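# the sequence and its predicted three-dimensional model are supplied below.
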Amino acid sequence: MLFLGLSTSFAQGSQEECMTKLSIFHEHVKAENFDVAYEPWMWVRQNCATFNRVTIADGEKILKHKIENSSGAEQVAFIKDLLKLADESTVNFPSNYSKEEVIVDKALLQSKYKKELNLNDAQLYDIFDNAFQTARKEFKSPTALYTYFSLMVDLYDAGAKPAEDLFNKYDDVMEKIEEEIQNASEQLNKYVQKEEAGQTLTSKEQKYKKFYEDTLEAYDKIIGSINTKLGQRANCETLIPLYNRDFESKKNDAVWLKRAVNRMYNKECTDDPLYIKLVKAYDETAPSADTKVFVAGLLLKDGKTNEALGYFRQASDLETDGYKKGKLAEKIGQILKSKGRYSEARNYYNESLKLNPSNGRPYLAIAAMYAASANDCGDSVFNKRAVYWLAASEAEKAGKADPNLKSAAAQTAASYRAKAPTKSEIFSENKAGQTIKVGCWIQRSVTVPSL
């Protein structure tokens with residue numbers, strides 16, 4: 001199977017010679033005898049370049065070994081040869097190696113060996129920027145995204161990049177991450193929904209599910225790292241003068257307005273009159289679900305909760321993307337929850353879960369509302385405390401839906417169970433195995449654990 005798809009034309013070697021040399025170096029690579037494999041591999045690379053793509057795969061292992069076990073000029077030569085091999089992969093095996101993916105891989109490789117290649121931050125940033133601009137679809141590596149933004153921050157700190165470039169690059173990177181999170185979430189949702197329907201995932205589906213879970217976890221971590229790297233550079237003292245300066249020239253630029261409003265909102269610069277001016281301009285220039293959300297935010301700030309909810313609902317009606325619609329439903333749930341309107345909040349949280357079942361946060365929110373209502377939704381001390389079993393059960397769902405919340409969900413569920421009736425209380429009340437109807441807004445049933 002290894003030697004399928006052989007080419008019939010070679011630079012100098014015959015098919016028999018190519019096959020023999022390839023078999024030799026491949027066996028040595030499998031045995032991790034990389035130094036011995038180097039000479040026959042190089043012969044095949046030079047004389048039978050298109051013979052078999054294992055030349056590329058094994059060549060990467062051989063050259064990485066050489067790099068790790070050399071120094072000085074020799075090491076630099078091997079690094080440059082690995083970069084050259086990456087280019088050869090797209091020429092000799094274009095159906096297996098895309099130029100766009102290789103551009104990103106080469107940027108990461110040059111970052112790893114920045115010192116050895118004598119690259120400064122500006123040069124390395126240009127390499128990553130070129131990769132991002134020409135291969136944005138394939139530029140999805142969390143490490144690459146963090147490195148790209150980190151270089152921008154370093155250049156800003158050195159006075160080589162203005163604040164506007166820094167903030168624009170932050171938005172570029174965060175928008176790309178959000179795209180990848182949405183893609184991974186939508187794929188993961190398929191497997192979560194299948195499990196929720198009581199179906200068993202195949203071994204292949206389980207692997208895919210794990211892959212998308214790990215992907216989401218990686219992006220979650222990288223968002224934290226990027227925000228830590230940005231730190232206080234994007235504060236109100238920096239943003240407000242910048243946006244005041246550019247407002248007149250940008251007031252009809254929907255992308256600029258969206259980013260400015262987003263950043264002002266996230267950095268809690270909403271008390272400044274500029275924020276209101278930006279939101280109004282954004283809504284006038286490109287009315288959409290996004291603009292309705294920001295108008296709703298202004299209304300909330302003024303204490304006009306019901307009017308704000310109306311705008312949030314308009315935003316939900318305008319939004320056609322299921323994933324984003326789910327996030328809006330969660331936002332509306334959060335507002336209703338903060339106002340103590342638990343029944344309405346639960347409806348929106350459940351709507352969010354339907355649209356994005358791999359998001360566990362709504363489960364934790366519902367659990368918190370149940371726990372907060374325990375004293376109001378039971379007709380006896382025992383039954384009131386039984387509500388905590390319901391809250392614990394809901395919290396546990398969060399960990400099942402979202403692996404990133406597994407630890408927090410388990411701790412939350414444990415804290416709720418600790419407030420529920422003890423075994424001795426279950427025994428003394430003779431309630432083991434009974435079903436308790438929880439009243440008021442909750443309107444759910446909970447089964448008392450058996451002893």
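Right, received. Where do you want to start? Only a predicted model underlies this, so the values are computations on that prediction, with no experimental measurement involved.

# so E330 makes contact with Y349?
Yes. Counting by CB atoms under 8 Å, E330 does reach Y349; the two are 6.6 Å apart. The C-beta positions use only the backbone N, C-alpha and C, and glycine is treated the same way.

# so which of those two has more stuff around it?
Y349 (26 against 20; other CB atoms under 10 Å).

# distance of the more buried one relative to Q334?
Remark: distance between Y349 and Q334 (CB to CB, to the nearest Å) = 9 Å.

# likewise A158?
Taking CB to CB, one finds A158 at 40 Å from Q334.

# what does G231 give?
G231 is 26 Å from Q334, by CB to CB.

# the more surrounded of the two?
Using other CB under 10 Å, the more surrounded residue of G231 and Q334 is Q334, with 17 against 9.

# just give the nearest non-adjacent residue to that one, would you?
Closest residue to Q334 apart from its sequence neighbours, by CB to CB, 6 or more residues apart in numbering: A365 at 7.0 Å.

# burial of that neighbour, as a residue count?
23.

# that one is in what secondary structure piece?
Taking DSSP states H and E as the criterion, the element that holds A365 is helix 361-372.

# same for the strand or helix carrying Q182, what does it pack against?
Using DSSP H and E, Q182 sits in helix 163-196. For helix 163-196, the packing partners by 3 or more CB pairs under 8 Å, 6 or more residues apart in numbering; DSSP states H and E come out as helix 142-157, helix 203-230, helix 236-250, helix 254-266, helix 322-338.

# so E196 is in contact with P357, correct?
Yes. With contact defined as CB under 8 Å, E196 reaches P357; the gap is 6.6 Å.

# these two: which has the busier surroundings?
P357 (21 against 14).

# how close does the nearest residue to the more buried one once chain neighbours are set aside get to G198?
Leaving aside its chain neighbours, P357 sits nearest to V192 (4.6 Å; criterion: CB to CB, 6+ apart). For V192, the distance to G198 equals 13 Å [CB to CB].

# now do the shared contacts for these two.
With CB atoms under 8 Å, 6 or more residues apart in numbering applied, the contact sets of V192 and G198 do not overlap.

# show me which of the two is the more surrounded one.
Comparing V192 with G198 by other CB under 10 Å, the one with more neighbours is V192, at 22 against 6.

# now do the shared contacts for E330 and Y349.
Common neighbours of E330 and Y349, counting by CB under 8 Å, 6+ apart, are P362.

# count of neighbours near the residue nearest to D172 when sequence neighbours are not counted?
Nearest residue to D172, sequence neighbours excluded (CB to CB, 6+ apart): F132, at 7.3 Å. Using other CB under 10 Å, F132 has 21 neighbouring residues.

# isn't F132 right up against K169?
No. F132 is beyond contact range of K169, at 9.1 Å (criterion: CB under 8 Å).

# find residues that contact each of those two.
Both F132 and K169 are in contact with Y148, where contact means CB under 8 Å, 6+ apart.

# angles on the backbone of V446, please.
Backbone torsions for V446, taken as degrees, to the nearest 10, come to phi -140, psi 140.

# if I look at it, how far off is V381?
For V446, the distance to V381 - CB to CB - is 15 Å.

# who's more crowded, the two?
Neighbour comparison, V446 and V381: the larger count goes to V446, with 22 against 12 (by other CB under 10 Å).

# residue contacts, the more buried one?
Residues in contact with V446 (CB under 8 Å, 6+ apart) are A386, V387, W389, L390, S393, T435, I436, V438.

# go with 7 Å
Listed by CB atoms under 7 Å, 6 or more residues apart in numbering, the contact set of V446 reads A386, W389, L390, I436, V438.

# kindly state the beta-bridge partners for it.
I436 (DSSP bridges).

# where's it relative to N383, distance?
9 Å.
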